[in-house]
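K.L.:
give me the fold of what follows.
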Amino acid sequence: LPLNISRETLQQNKILKVIKKNIVKKAIELFTEISENAEDFKKFYEQFSKNIKLGIHEDSGNRAKLAELLMYHSTKSGDEMTLLKDYVS
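P.N.:
Coordinates of the predicted model:
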C-alpha cells in the first residue's frame, strides 16, 4: 500500500479491491453456515436483515447468494418467517 493515502487512492487501489472481494466472500460463507442452524439464523436475521437487503441492492455480483438468505412471512408459516429459497421451492 502506498504511504500517501487519499480517499481516491484507496478507492482505486487494486490490493484493497482484492481484500474487499475476499472479505465479502468469507462473510457470505459465514452467513451460509449460520443459516444451517435455524435458531442461530433467526437471531442473526433479526439483527442484520436490513444489511442483507441493502447488500442485494448494492452488490450485484453476490445478489443470488444473498437472496438465498432472505426471510419473509408467508400465509402458511404464520408468525414464523421462512427462507425465500424454501418458499419458492
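
K.L.:
phi, psi for Gln11 please.
P.N.:
Here is the backbone geometry of Gln11 (degrees, to the nearest 10): phi -70, psi -30.

K.L.:
what about Ser49, which SS state?
P.N.:
helix (DSSP: H, G, I helix; E, B strand; the rest coil).

K.L.:
nearest residue to it in space, ignoring adjacent ones along the chain?
P.N.:
Nearest residue to Ser49 in three dimensions, chain neighbours excluded: Met71, at 7.2 Å (C-beta to C-beta, 6 or more residues apart in numbering). Glycine gets a C-beta too; all of them are placed from N, C-alpha and C.

K.L.:
the one you found - how many residues pack around it?
P.N.:
21 (other C-beta atoms under 10 Å).

K.L.:
what of Leu69?
P.N.:
Neighbourhood size, Leu69 [other C-beta under 10 Å]: 23.

K.L.:
picking that back up, my guess is the residue nearest to Ser49 contacts Leu84, does it?
P.N.:
Yes: with contact defined as C-beta atoms under 8 Å, Met71 counts as touching Leu84 (6.9 Å).
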